[in-house]
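Asks: Predicted structure and sequence below. I'll ask about it afterward.
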Amino acid sequence: MKSTRREFLKTSAVIGASTLAPIPALAQAAAAPADMCIARWKGDAKANMTETARRLTEEALKAVGGLGRFVNKGDVVWVKPNIGWDRTPEQAANTHPEVVKTIIRLCLEAGAKAVKVGDNTCNDAQKSYKNSGIEAAAKEAGAEVVYLDKNRFAEVKIGGKRLDTIPLYPEIMECNLIISCPVAKHHSSTRMTACMKNFMGVIENRKKFHQDLPYCIADLTAFLKPRIAVLDATRILTAHGPTGGDLADVKVMNTVAAGIDLVALDAFAAELLGNDPAQIGTIVVGQEYGLGKKDYKSLNLKELEIA
Amino acid sequence: MRFRRPRSWMQWARRVSQVLFLALFLALALRVRLNENGAPVVDADLFFKLDPLVSLSTALAARTLAVIALPAVIVLVATLLFGRFFCGWICPLGAVHAAASWFRAKRSAGTPVERRTPWHRVKYVVLVALLVMALFGAHWTGVFDPIPLLFRSTATFVLPAAQYAVEDSSTAVYKADPHVGPAHLKLVTEPVYKFARNVLFRVDRQTFAGVAFIAGLFVLIVALNLVRPRFWCRYVCPLGGLLGFASLRPALRLKNDEKRCTGCGQCVKACPAAAQPDRPGEWLPTECFECWNCVASCRRGALAFKVENPVAPAAAGKVDFSRRAAMGASAAGVAVMLGFRQNPLAQEKVFEANLVRPPGALAEREFLQRCVQCGACMRACPTNALQPCALESGIEGLWTPRIIAKAGYCEYNCNICGQVCPTGAIQPLPLDKKKEIKIGLATFDKNRCLPYAYGRECLVCEEHCPTPQKSIYFVEREVILRDGQKLTLKQPQVDPDKCTGCGICEWCCVFRDTAAVRVTSANETRNSNNQPILPGGGGGSPY
């Protein structure tokens, strides 16, 4: 990512300034942004999900320092939701459009030059983008909606433990920041899917990954070095994932989490779906790779109740 | 000496009309892909509705008057009055031929004057043979009818080729990124690429199996304009034949003022139809395209179209189609029809495994009676699943649509093929009804499927299976690997009651050559004799 150096300099400057400034250490700790925030809706249970999704996303991101912590002025950001399936928002196979819309708005407010949205869909892209509600929401928020072109993926050396090269989408790799913002859902092979597995949507030739998903996903995540992710658990898909289609499998949770540790976010998602994170291959291997901690409660965690 | 070139407003009006109708045709062909959430694509089938031969032959073959479109009736009635104006002014394939004719070298003075030849008769023979076939339920009009022919050629060849050219060239620029300082060439090519892809062609590029033959026929008939101007229109076109029969006594007739005519022959050279405009009383209304070239070519203003009483006998040449030719054409039609049926497929003795028809397709015989091989469904299909048949349905089903699941799958949430079908061969089903249709059945090849044959996890097919309760499910079984190691793997299986045969499992299978799960036409809703599965599950009865 291009901005790493810039961010490093900025962070160093902040640290430098703070050591010079005569602020008590305690106050500084209190002001420090959380590593992860879980925002739960505790207001009217019948509240419109568009409304709650927006509030929860805003509050969760604010608690981890706001997107200004990750987006620099003039950055191009790729927002990567699940748009893989030709399903409607209530079917919970794709990210809630309002979550996507809010993230885009906050990116632009944080000074991003452009925000692009796109996914390497499994169903037809036009139908998935449209019926997920994400195309309309993203355009309304001012993002560019990109239909990925299968002929443009370029083989890139990632030098992972399991994967040496994979075809990545150049337009995504040219962005300064990728924000994974999946919906938490059931998945037959890996039992659950969330932030890390969501990166399967920036690559091609991914079907063979199913022969060893935990390591392939860890290799991919390690290469991409994500700095922030948003987990949409406004409603989750508890069975027949990742495609879904039956509303009986959908559970309304009215929860959004944001954080800098994707393994921790995935562990939280696993718990929401009724799994023990220690039993989920992608999470265990993610921790083994040093990509994060499955014990998300050990992080600087902030839990918010929004009404 | 050089004379001032004569002008005719009508000739220019005709050219403008041709360009506009061809542009409209292309615009509609592009639009057929635009899928507004399964809503019908408004008027994308306009040209099929305008085509009297599509209406007539489909009505004969399907034995229903319901397929007759009002615009086609209007065209036919107007032809009775005005002759073959459709050929000269409206037909988009006619416009292509007219444009291609310009590439002919200018005829030298020594070129023999073109007169009607026995070859003009061919189109009437083709027409009568096709209609007799249709009468017996063998519908092959779409192979030769200019509207389906051009639509098929455009949808499967011209548009995909154009998109390929735009995308591949701009992607090459994108990857190589040639630039001089800050001036990158891709700053120009990328907006063009995105416009072409997202707006013009409506996203993913399509490609069609066996397109060489469709394109070959199209290129051949266009190239024949080098032999004679509008070769196809004057000699072969069955729609031209039908409209020719309708123009025996038009009200609009070409008049040659013998007092002014010097017999210079310019009008004959200008005529693309060999309709004999130069000879008073021998002008051929059944051949004339009403193109106004002859009127425009006459320096002495001897030629003019005039309105006359259509009931009065035409002082003009008659159609060259004898009773003997009609009998021969009919016999040929019957022979071809009988030939089509001498095939185990046509008699339902066997069912072709690879003939997976789109959802809503009628039972095979009724389907073939309606399909005009136009390719609208193939153009509309968002996943490129619908492909032209070769011989999967016999020669009778040439270029009719089938799903090649390896190329694309039937999108669960989509019914656009039925919405764009101009003849109802694929019924326009509402989405909830479409989802109940079975077009085939998935079968696992356990000698190839990874968790069965190679001791590896996979389950990509189960993941993609779109039915809400998963038609593909898995059973965990222990397998033994070469070193004796035991491994519990999730092995996929098909629930035949739930499987719709959409083919997404075959499409997404990790094997790209021959998939380890394949869909065949078995269990298709439309053919009751091709249903091996007793609905409602196995009994498990103890008796």
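Replies: Everything's here; your move. Numbers count the residues shown, from 1 in each chain, chains lettered A, B, ... in the order given.

Asks: Please identify the helix or strand for residue A:257.
Replies: strand A:250-259 (DSSP states H and E).

Asks: Could I get the CA-only coordinates of the helix or strand just after that strand as CSV?
Replies: Later in the chain than strand A:250-259, the nearest helix or strand by DSSP H and E is helix A:262-272. These are the backbone C-alpha positions of helix A:262-272, laid out as CSV (Å, rounded to 0.1, in the frame of the first residue of the first chain):
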residue,chain,number,x,y,z
LEU,A,262,-9.3,-9.0,11.0
VAL,A,263,-8.7,-12.2,12.9
ALA,A,264,-10.3,-10.7,16.0
LEU,A,265,-13.3,-9.5,13.9
ASP,A,266,-13.7,-12.9,12.3
ALA,A,267,-13.5,-14.5,15.8
PHE,A,268,-16.3,-12.2,16.9
ALA,A,269,-18.3,-13.1,13.8
ALA,A,270,-17.7,-16.8,14.5
GLU,A,271,-19.2,-16.4,18.0
LEU,A,272,-22.2,-14.6,16.6
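
Asks: in the next helix or strand after helix A:262-272, what's buried?
Replies: Where DSSP H and E defines the elements, the next helix or strand beyond helix A:262-272 is helix A:281-288. For helix A:281-288, the neighbour count (16 or more other Cβ atoms under 10 Å in any protein chain shown) marks A:281, A:282, A:283, A:284, A:285, A:286, A:287 as buried. Heads up, the C-betas are built off the backbone N, CA and C, glycines and all.

Asks: Please see if helix A:281-288 touches chain B.
Replies: No. Against chain B, helix A:281-288 shows no contacts by Cβ under 8 Å from any Cβ of the partner chain, the least distance being 9.9 Å.

Asks: Run the chain-centre distance for that helix.
Replies: The chain centroid and the centroid of helix A:281-288 are separated by 17 Å under Cα atoms, centre = their mean, to the nearest Å.

Asks: and it, what does it pack onto?
Replies: helix A:213-224, helix A:262-272 (3 or more Cβ pairs under 8 Å, 6 or more residues apart in numbering or on different chains; DSSP states H and E).

Asks: pretty sure residue A:88 contacts residue A:132?
Replies: Yes. Residue A:88 lies in contact with residue A:132 (Cβ atoms under 8 Å); the separation is 7.3 Å.

Asks: Of the two, which one has the most company?
Replies: Counted by other Cβ atoms under 10 Å in any protein chain shown, residue A:88 and residue A:132 do not tie: residue A:132 has more neighbours, with 30 against 15.

Asks: which residues sit in contact with the more buried one?
Replies: A:83, A:85, A:86, A:87, A:88, A:89, A:94, A:95, A:97 (Cβ atoms under 8 Å, 6 or more residues apart in numbering or on different chains).

Asks: any idea which helix or strand carries the nearest residue to residue A:126 once chain neighbours are set aside?
Replies: Using Cβ to Cβ, 6 or more residues apart in numbering or on different chains and skipping residues adjacent in sequence, the residue nearest residue A:126 is residue B:203, 5.5 Å away. Using DSSP H and E, residue B:203 maps to neither a helix nor a strand.

Asks: wait, isn't residue B:203 in contact with residue A:121?
Replies: No. Using Cβ under 8 Å, residue B:203 is not in contact with residue A:121, being 10.7 Å away.

Asks: if you count what's nearby, which of the two comes out ahead?
Replies: residue A:121 (21 against 18).

Asks: For stretch B:298-312, output the C-alpha coordinates as PDB.
Replies: The C-alpha trace of stretch B:298-312 is given here as PDB (Å, rounded to 0.1, in the frame of the first residue of the first chain):
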ATOM      1  CA  CYS B 298     -32.400   9.400 -65.400                       C
ATOM      2  CA  ARG B 299     -31.000  12.600 -66.800                       C
ATOM      3  CA  ARG B 300     -34.100  13.300 -68.900                       C
ATOM      4  CA  GLY B 301     -36.600  12.700 -66.100                       C
ATOM      5  CA  ALA B 302     -38.400   9.900 -68.100                       C
ATOM      6  CA  LEU B 303     -38.900   7.800 -65.000                       C
ATOM      7  CA  ALA B 304     -41.300   8.400 -62.100                       C
ATOM      8  CA  PHE B 305     -43.300   6.400 -59.600                       C
ATOM      9  CA  LYS B 306     -47.000   7.100 -60.000                       C
ATOM     10  CA  VAL B 307     -50.000   6.000 -58.000                       C
ATOM     11  CA  GLU B 308     -52.500   4.000 -60.000                       C
ATOM     12  CA  ASN B 309     -55.600   1.900 -59.400                       C
ATOM     13  CA  PRO B 310     -54.200  -1.300 -57.800                       C
ATOM     14  CA  VAL B 311     -57.100  -3.300 -59.200                       C
ATOM     15  CA  ALA B 312     -56.200  -2.500 -62.700                       C
END
